[in-house]
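1. This is a predicted model, with the sequence first.
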Amino acid sequence: MPYPKYWTKDKLDELKSLYDSGLSMKEVGKQLHTTLGSINHVMRRSNIPCRLASDTNHLQFIKSPLSFTQKTNL
């Protein structure tokens, strides 16, 4: 008996919209309840372009909290 197809057109559209919104592949995998390897495999097979490493680093930097605090009482 064949397995039902998991990556339907709707799932692929959801994956693309989540990835385009700025989420990482790992975060998209958590949203869709699947593994990072599965996300990577489907993106390659569906010709969904991956971000450059510099773009990914920039997005992660924007999301991270500031590493310093301004002194208010001098």
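-> Done, it's in. Predicted model, so just to flag it, every value in this text is computed and none were measured. Numbers count the residues shown, from 1 in each chain.
2. which parts of stretch 31-39 are buried?
-> Leu32, Thr34, Ile39 (16 or more other CB atoms under 10 Å). C-beta coordinates here come from the backbone N, C-alpha and C atoms, glycine included.
3. What is the end-to-end distance of that stretch?
-> End-to-end distance for stretch 31-39: 11 Å, by CA to CA, to the nearest Å.
4. which residues touch it?
-> Lys11, Glu14, Leu15, Leu18, Leu23, Met25, Lys26, Val28, Gly29 (CB atoms under 8 Å, 6 or more residues apart in numbering).
5. Check stretch 53-69 too.
-> Gly22, Ser24, Arg51.
6. Ok, stretch 22-29 next?
-> 15, 18-19, 31, 35-36, 38-40, 43, 50, 56, 59-60.
7. From Thr56, how far off is the residue nearest the centre of the chain?
-> The centroid of the chain falls nearest to Ser24 when counting by CA atoms, centre = their mean (2.5 Å). Distance of Ser24 to Thr56, given as CB to CB, to the nearest Å: 7 Å.
8. for the chain, what are the low-confidence residue spans?
-> Within the chain, the segments meeting pLDDT under 70 span 1-4.
9. Downstream of the helix or strand hosting Gly37, the next helix or strand is which one?
-> Assigned by DSSP states H and E, Gly37 belongs to helix 36-45. Sequence order places helix 53-63 as the next helix or strand after helix 36-45, per DSSP H and E.
10. Send over that next one as CSV, restricted to the C-alpha atoms.
-> Output of helix 53-63 as CSV, limited to C-alpha atoms (Å, rounded to 0.1, in the frame of the first residue of the first chain):
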residue,chain,number,x,y,z
ALA,A,53,24.9,32.6,4.1
SER,A,54,25.3,36.4,4.5
ASP,A,55,21.6,36.9,4.3
THR,A,56,20.9,34.2,6.9
ASN,A,57,23.5,35.7,9.2
HIS,A,58,21.9,39.2,8.8
LEU,A,59,18.5,37.8,9.7
GLN,A,60,19.8,36.0,12.7
PHE,A,61,21.6,39.2,13.9
ILE,A,62,18.4,41.2,13.6
LYS,A,63,16.5,38.7,15.6
